[in-house]
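Participant: Next come a sequence and a model predicted from it.
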Amino acid sequence: RLVAEAAKKAAEKKERMVRDAAEAAARKAEATRLAAEVAKQAAEEKAAARKAEEDRLDAEAAKKAAAKKERMVREAAEEAARKSEAERLAAEVAKKSAEEKERLAREVADAVTRKAEED
């Protein structure tokens, strides 16, 4: 009877040790799964942060390009306005020059006419 009790206790102890080992293995597997999940989430967050930074840099580059284009258009418009003003002034000078030549020609013609009448 004592041998049977000892054998029963040994079997129970062995069963308990097997159960404890199985539970420890299950806990270890769960910890490994959770660590993998955390690592995956961290990698996803890192990728999202990298993408956000790339998007920010792209937007900044686009903004700079738009500002440069706007500046070029404005400078071209200003240059066109200056050219137009210069052409207007040149036309005005040419008109005044023609009017002056015409006036001088009239004065000469008048002087010649007066001289002819005096003679």
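Facilitator: All right, it came through fine. Only a predicted model underlies this, so the values are computations on that prediction, with no experimental measurement involved.
Participant: Contact partners for residue 85?
Facilitator: Listed by CB atoms under 8 Å, 6 or more residues apart in numbering, residue 85 has no contact partners. The way it works is simple: take the backbone N, C-alpha and C, and place the C-beta from them, glycine included.
Participant: does it count as helix, strand or coil?
Facilitator: The three-state label given to residue 85 by DSSP: H, G, I helix; E, B strand; the rest coil is helix.
Participant: what's around residue 97, how many residues?
Facilitator: For residue 97, the neighbour count with other CB atoms under 10 Å is 10.
Participant: That one: which element?
Facilitator: Using DSSP states H and E, residue 97 sits within helix 2-118.
Participant: So what's the gap between that helix and the chain middle?
Facilitator: Relative to the centre of its chain, helix 2-118 is centred 0 Å away, using CA atoms, centre = their mean, to the nearest Å.
Participant: Quick check, pLDDT for the residue sitting nearest the centre point of the chain.
Facilitator: Nearest residue to the geometric centre of the chain (CA atoms, centre = their mean): residue 59, 2.2 Å. Predicted confidence (pLDDT) for residue 59: 98.
Participant: how close does it get to residue 33?
Facilitator: The gap separating residue 59 from residue 33 is 39 Å, by CB to CB, to the nearest Å.
Participant: got it, and residue 115?
Facilitator: Distance from residue 115 to residue 33, by CB to CB: 121 Å.
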